[in-house]
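Undergrad: Whatever this is, show me its structure:
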Amino acid sequence: MSPPCACKPRTNAANGPTYVVANSAQSCIEVEIFAFRCFPERERRFYTYTTLGPFRSTVRYNTFVKGSRSQSAKDDETSRKTRQELEERLRLQEEHGASLSKQLSNIQEERAKQKNRFQKVNEALAAFEQNIELGHNKMDTAMNSEIQRRKLHEKSLFSKMTEIEDRLNTYVGNLTNSINQIKSGKENVKIPSLDIDGLRREMEAIAADKSKVSMEGLLKLEEKMARVQTGLVHDRKEITQQISKMSDSDDVDKVKDQLKKLTNVNDEMEKTQDIIRDKVDKQIPKDLNELSSKTDNIRQQLNARLDKEEEERLVRSIKGIETTMLRVTRFTQVRKGARSPELRRRSKIRDRCRMGQVVEN
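TA: Now for the predicted structure:
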């Protein structure tokens, strides 16, 4: 149904009212009211039944259109707001996703860096262990070579000392043989000679090489030198006793001169032994007293522990004996309680009854 046109009447005495098309719903209502007032009574009724009904439909239609437009505007606004919210959410989600992607990328990069760093650390540790192993091998090789060198040097010193001992023994033996020949009355006896300067140089060389010898080697060298010196002192004493019993002669004077050389050799050997002994004393740990005190402390702790264990064992034995004595005492008391006066009286009655039965029988 097409809406009726709304007109605004213009009064004219000759031609009657004229109508002007309205431009809006409000203008249309004003036109209709104005026209209704201007119409005569008969025309008013006719207008009421013929024109006002369509006018009402027009108002409802316009109201519906206006409501529809308003609802459409609201729907459009709601759609626009919803679209904006969705776009904002999508934008935030995209930003959050981008942030997460960036964080994940950073984590992966950091993990790769850490992995690379750990790999470098492992490589450095492997290289360090390899260097340590090489250093240990070099040190072991150097120490083994040094030990072998020291052993060879000690062996050389022992060989020199053995050679000196053999030379002294040979010299003392020859000197004793010459003395025996002099005692037998033989004249122009050949007296053996001893190279004191050569022995002194060898002893000085041994003393100078003391720093190249280990503690064990020094102790063995000192022991060997002390043994040689003891033998030399003993031989010199015997030779002195033999010479004291002999009469003076040229040969005896020569023997006395050789005896003085033995004394010089003994003095040189004593000096060398003192040098070696001093080196041994310096190589002994300075905290030997502390080590001794620690040893005494450990010994005291062990003794205290042994005493404590012995005391605990004795205490356990005493407790066992006390328990046994307590059991024996309780058993004795039980037996004494069994022999109470009432029981003894009943026992006597039983005994008398038995005696009576025996007499009756």
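Undergrad: Which other helices and strands does the helix or strand hosting residue 274 contact?
TA: Assessed by DSSP states H and E, residue 274 sits inside helix 250-283. Here helix 250-283 touches helix 52-183, helix 196-208, helix 215-244, going by 3 or more CB pairs under 8 Å, 6 or more residues apart in numbering; DSSP states H and E. Every residue, glycine included, has its C-beta placed from N, CA and C.
Undergrad: Figure out which of the ones you listed is closest to residue 312.
TA: Closest to residue 312 of these is helix 215-244 (CB to CB; 43.8 Å).
Undergrad: Quick one: list the elements packing against the closest one.
TA: helix 52-183, helix 250-283.
Undergrad: could I get those as CSV with mean pLDDT and mean neighbour count?
TA: Formatted as CSV, these follow (pLDDT from 0 to 100; neighbours: other CB atoms under 10 Å):
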stretch, mean pLDDT, mean neighbour count
helix 52-183, 82, 12
helix 250-283, 76, 16
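Undergrad: Redo those helices as JSON lines? Include distance to residue 311.
TA: Below are those laid out as JSON lines (distance: least, CB to CB, whole Å):
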{"stretch": "helix 52-183", "distance to residue 311": "50"}
{"stretch": "helix 250-283", "distance to residue 311": "44"}
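Undergrad: To residue 317, which of those lies closest?
TA: helix 250-283 (51.8 Å).
Undergrad: what inclination does the closest one have with respect to helix 215-244?
TA: 160 degrees (axes from the mean of the first three to the mean of the last three CA atoms, to 10 degrees).
Undergrad: Now do the phi/psi pair for residue 249.
TA: Phi and psi for residue 249, reported as degrees, to the nearest 10, are phi -160, psi 170.
Undergrad: Once you drop chain neighbours, what's closest to it?
TA: Of all residues not flanking residue 249 in the chain, residue 182 sits nearest, at 7.3 Å (CB to CB, 6 or more residues apart in numbering).
Undergrad: That neighbour and residue 265: what is the separation?
TA: Distance, residue 182 to residue 265, using CB to CB, to the nearest Å: 22 Å.
Undergrad: Name the residues that touch stretch 249-266?
TA: Residues from elsewhere that reach stretch 249-266 (CB atoms under 8 Å, 6 or more residues apart in numbering): 168, 172, 175, 178-179, 182, 187-189, 191-194, 196, 199, 229, 232-233, 235-236, 239-240, 243, 246.
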